[in-house]
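Enquirer: my questions concern the predicted model and sequence given below.
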Amino acid sequence: MTPSESEPKVPFWLDPGKRAIGFQIITCLMVGLLAWYLVNNTLVNMEKQSIASGFGFLEREAAFEIGESLIEYSASDSYAKALFVGVLNTLKVSFIGIILCLIIGLFIGVARLSTNWLVKKLAMIYIEVMQNIPVLLQLFFWYALFYEMFPSPRQALNPMAGLFLCNRGVALAVPASHPAYFQMFVALIIGLALGFGLKRWVKKRKFTTGRDFPVLWPFLGLSLGLPLLVWVLHGAPMQMDVPELKGFNFQGGIMLSPEFFALLLGLVIYTSAFVAEAVRAGIQAVSRGQTEAAMSIGLKKKHILNLVILPQALRVIIPPLTSQMLNLTKNSSLAIAIGYPDFVSVANTTINQTGQSIEGVAMIMACYLVFSVSTSIFMNWYNKKSKLVER
Amino acid sequence: MGIVAIDKDAIQKMKPPVVHRGAIGWLKENLFNGVFNSILTLVFLAFLLKFVPPFIKWAFIDSVWFTTGAECKECPGACWSVVLKNLRFVIFGFYPHDLHWRPFGAMLLLFTLLFFSYHKRFWSKKLGYAWMIGLVAMGILMKGGIFWLTPVDSMKWGGLPLTLLLSVFGLAAAYPLGVILALGRDSHMPMIRYLSIGYIELIRGVPLISLLFMSSIIFPLFLPEGVTINKILRAQVAIILFTAAYVAEVVRGGLQGMSGGQYEAADALGLNYYQTMRLVILPQALKIVIPPTLSVLISAFKDTSLVVIIALYDFLLTSKTVIQHPEWNGFSTEMYLFVALMYFLGCFSMSNFSRKLEQELDTDKRS
């Protein structure tokens, strides 16, 4: 084939730029047509089945009870409030779950790299087994175990003081309410703020003058010492609110429902196996040469860990860790299968009662999208902050 | 060069390096090196001694295997009868009893194909065609209606074949879709890029069960009047849409791993976009992402269990149904352990396969 030199202009369908525009227009048209087709069908169907659309139903009375709630809620409240209770329940189980699974995952990830053969193998077995069993099955398993293994409240197991296990849930002793606790909380916040301020100042001073100043101990002293000081000033209240068997159930303390407990247990065990893998991969990603280099310039052992290994390992660990935290939050939607009233479960009840399926599913999706978008915003911020600065 | 004094006596006295250690040496090195590790070992040994023997006693020594539910209730150990007596229902669900050989044959076919795909030496175009024919044959075996096979309504499909079909067909259809989405996300055309990004992020941001809800309660509204698609197919569509987004992200990782030189070389050869992608970029990009793709497959396999929530009788729900029966009530531990074992075997062999492949495919290893 010889290119025809007599033709100076390329025909428009061979010009990459113009072809790209044409291709995009076609794609957009196709997507638009599909969307129009689906929306049109939906509108026709909804009219046929006389389904009302819109979010007006949120104002109406929900007329169903919710087993557990962080705020006051009764069946006469509106759907909006019921859904809000669901969001709070989702946040509650996700928040506690994330903290627990980070702690357990960190331990198991480190144990996986232990020099102790037995510890290493047990950590490996834990990771392999828990990763490879569907989380829904684990939820069912814990939930069933709760009802089959644990006795009625009268014969509740009492493995340690202040902790009761029975088929109505887990009763736990908590410190009895006292005005000191609120002030301790405020003191904790102030302490943390001061601690972070100190950390900033130390960093700045180090960059400008090169002089070091210990951060860890003053930081711990401020954040833990201040609440402790408040506690002592109040005369160190020690009163505990211990659960007691009254009638058919426990009174006092806090009662965790079997649903909550099974959900938390399943999510934490499943996700912590993935967290452990992320931690292991992160630590292993820091090459041995880094440690050797740090030793050869005479850094102390704790400085090697703090200044050389951890910053590099964290850069590898944090992204998968965040996605695991997000996974835990998304998986908490499985609560519906064992009857814990999370957002999806409440939304599903709402859909069943009102028939507002499109709005309901849209709300479920929007809710989780907010979670994941906020996580990814945080991630981008963190990535920018901790990005490897190459010179 | 300085002079180094060599202590010949010391060299004579040096012991040769240890090449072989006995059991005690092994123990010393791996379990009791240092005080901290010794304590750890003892703590964990005590822990194992406390829990493992009672478990073995419960699961094997005191257990019963072929009894009725009533006899099980008097037995102190595990009641594996709950699994064995109901095995056919657990595995095949509501599929007509005398036609069980058909789903069994379909599964056998699937396992044969998987067996051949396991060994890299069988990988060829022929295997690809065998997969295509196999998938169609499995569908025909399940559905019936042609070749003297009595048709079976797909609402009766259930148990293990349903779980396997949902995951295998899910991945088979999600893979090409995911590759297209990944190419779209990498494209220079802004509209196509934004559409792909929008789709991928939207799907990855929501839990699978919201898509399953959508498939079970909203899809029917999307369709024109009079057209209905059965529930299993709708759930399958939801799983495909979901998996495709994850496949797309994995493939994108592979595309990003390609050096610019590959594109330039393809340009220099005068290849157009489709030729570049088909002959140069995708074969390499897809090869490096085989291990992460397998982990997508593993999660897809596990995630099919969520169809329980929209009441499809998959493997998990058939077993759950058995233990809700009054005769077998109270033996959920045994049943769930069995189901967990099955899922574990499936997922674990896949992840082992992925590890093996990773080593085999690492052809340009330099070290």
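Expert: Here it is on my side, so go on. Residues are numbered from 1 along each chain as shown, chains lettered A, B, ... in the order given.
Enquirer: okay, CA-based contacts and neighbour counts for the rest of this
Expert: Will do.
Enquirer: tell me the buried residues in stretch B:144-152?
Expert: B:144, B:152 (16 or more other C-alpha atoms under 10 Å in any protein chain shown).
Enquirer: can you map out the helices along the stretch 1-150 of chain A?
Expert: Taking DSSP state H, counting those that start in this stretch as the test, the helices found in the stretch 1-150 of chain A are A:16-48, A:79-112, A:117-131, A:135-149.
Enquirer: can you lay out those as CSV showing mean neighbour count and mean pLDDT?
Expert: Putting the helices of the stretch 1-150 of chain A into CSV (neighbours: other C-alpha atoms under 10 Å in any protein chain shown; pLDDT from 0 to 100) gives the following:
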stretch, mean neighbour count, mean pLDDT
helix A:16-48, 14, 86
helix A:79-112, 21, 91
helix A:117-131, 19, 91
helix A:135-149, 20, 88
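Enquirer: look up how far B:Phe169 lies from the spatially closest residue to B:Asp153 that is not a sequence neighbour.
Expert: Spatially, and ignoring its direct neighbours in sequence, B:Asp153 is nearest to B:Lys143 (6.9 Å; C-alpha to C-alpha, 6 or more residues apart in numbering or on different chains). Separation of B:Lys143 from B:Phe169 (C-alpha to C-alpha, to the nearest Å): 15 Å.
Enquirer: repeat that for B:Phe219.
Expert: From B:Phe219 across to B:Phe169, the span is 19 Å (C-alpha to C-alpha).
Enquirer: ok, the two, which is more surrounded?
Expert: Using other C-alpha atoms under 10 Å in any protein chain shown, the more surrounded residue of B:Phe219 and B:Phe169 is B:Phe219, with 22 against 17.
Enquirer: show me the contacts for the residue most central in space within chain B.
Expert: Nearest residue to the geometric centre of chain B (C-alpha atoms, centre = their mean): B:Ile298, 2.3 Å. By C-alpha atoms under 8 Å, 6 or more residues apart in numbering or on different chains, the contact list for B:Ile298 reads B:347, B:350-351.
Enquirer: of those, which are in range of chain A?
Expert: Restricting the contacts of B:Ile298 to those within reach of chain A (C-alpha under 8 Å from any C-alpha of the partner chain) leaves B:Cys347.
Enquirer: just give me the closest of the contacts of B:Ile298 to chain A.
Expert: When the contacts of B:Ile298 are ranked by distance to chain A (C-alpha to the nearest C-alpha), B:Cys347 comes first, at 5.4 Å.
Enquirer: tell me the helix or strand right after whichever strand or helix holds A:Trp231.
Expert: Assigned by DSSP states H and E, A:Trp231 falls within helix A:226-233. As assigned by DSSP H and E, the chain's next helix or strand after helix A:226-233 is strand A:240-241.
Enquirer: please identify the pairing partners of that following strand and their relative orientation?
Expert: Sheet neighbours of strand A:240-241, with direction, are listed as strand A:174-175 (antiparallel) (DSSP bridges).
Enquirer: for the stretch 251-391 of chain A, which residues are neighbours of chain B?
Expert: With C-alpha under 8 Å from any C-alpha as the criterion, the stretch 251-391 of chain A meets chain B at residues A:330-331, A:333-334, A:336-337, A:357-358, A:361, A:364-365, A:368-369, A:372-373.
Enquirer: what do you get if the cut-off is 7 Å, keeping everything else the same?
Expert: Within the stretch 251-391 of chain A, the positions near chain B by C-alpha under 7 Å from any C-alpha of the partner chain are A:330-331, A:337, A:357-358, A:361, A:364-365, A:368-369, A:372.
Enquirer: export those to TSV and append columns for pLDDT and secondary structure.
Expert: Formatted as TSV, these follow (pLDDT from 0 to 100; DSSP: H, G, I helix; E, B strand; the rest coil):
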residue	pLDDT	secondary structure
A:Lys330	91	helix
A:Asn331	92	helix
A:Ala337	90	helix
A:Ser357	85	helix
A:Ile358	87	helix
A:Val361	90	helix
A:Ile364	92	helix
A:Met365	92	helix
A:Tyr368	92	helix
A:Leu369	92	helix
A:Ser372	87	helix
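Enquirer: please report how far A:Met111 lies from A:Leu326.
Expert: I think there's a mix-up here, since residue A:111 is Ala and not Met. Applying C-alpha to C-alpha, the value for A:Ala111 to A:Leu326 is 24 Å.
Enquirer: and for B:Ile240?
Expert: Distance, B:Ile240 to A:Leu326, by C-alpha to C-alpha: 21 Å.
Enquirer: so B:Leu317 touches B:Ile309, yeah?
Expert: No. B:Leu317 is beyond contact range of B:Ile309, at 9.1 Å (criterion: C-alpha atoms under 7 Å).
Enquirer: for the nearest residue to A:Ala187 once chain neighbours are set aside, what are its contacts?
Expert: Sequence neighbours aside, A:Pro227 is the residue nearest to A:Ala187 in space, at 5.1 Å (criterion: C-alpha to C-alpha, 6+ apart). Contacts here follow C-alpha atoms under 7 Å, 6 or more residues apart in numbering or on different chains; on that basis A:Pro227 touches A:184-185, A:187-188.
Enquirer: buried among those? Need that as a selection in PyMOL.
Expert: To isolate in PyMOL the members of the contacts of A:Pro227 that are buried, counting by 16+ other C-alpha under 10 Å, one can use:
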select buried, chain A and resi 184+187+188
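Enquirer: save the contacts of A:Pro227 as JSON lines, and put in secondary structure too.
Expert: Converted to JSON lines, the contacts of A:Pro227 look like this (DSSP: H, G, I helix; E, B strand; the rest coil):
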{"residue": "A:Met184", "secondary structure": "helix"}
{"residue": "A:Phe185", "secondary structure": "helix"}
{"residue": "A:Ala187", "secondary structure": "helix"}
{"residue": "A:Leu188", "secondary structure": "helix"}
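Enquirer: could you dump the contacts of A:Pro227 into TSV with pLDDT added?
Expert: Formatted as TSV, the contacts of A:Pro227 follow (pLDDT from 0 to 100):
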residue	pLDDT
A:Met184	83
A:Phe185	84
A:Ala187	86
A:Leu188	87
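Enquirer: could you list the low-confidence segments of chain A?
Expert: Along chain A, segments meeting pLDDT under 70 span A:1-8, A:247-249, A:252, A:386-391.
Enquirer: who has more neighbours, B:Leu317 and B:Ile309?
Expert: B:Leu317 (21 against 17).
Enquirer: and that one, that's in a helix?
Expert: Yes. With three-state DSSP as the criterion, B:Leu317 is part of a helix.
Enquirer: assign a three-state SS to the closest residue to it other than its chain neighbours, would you?
Expert: Counting by C-alpha to C-alpha, 6+ apart, B:Val308 is the residue found nearest to B:Leu317 once chain neighbours are left out, at 5.8 Å. Here B:Val308 is recorded as helix under three-state DSSP.
Enquirer: now do B:Val308, the pLDDT please.
Expert: Note for B:Val308: predicted pLDDT of 89.
Enquirer: quick check: chain neighbours aside, which residue is closest to residue 144?
Expert: Going with chain A. In this structure, A:Ala144 finds its nearest non-sequential neighbour in B:Ser332, 6.5 Å apart by C-alpha to C-alpha, 6+ apart.
Enquirer: that answer is for a different chain, and I need it for chain B
Expert: Using C-alpha to C-alpha, 6+ apart and skipping the chain neighbours, the partner closest in space to B:Gly144 is B:Pro151 (4.2 Å).
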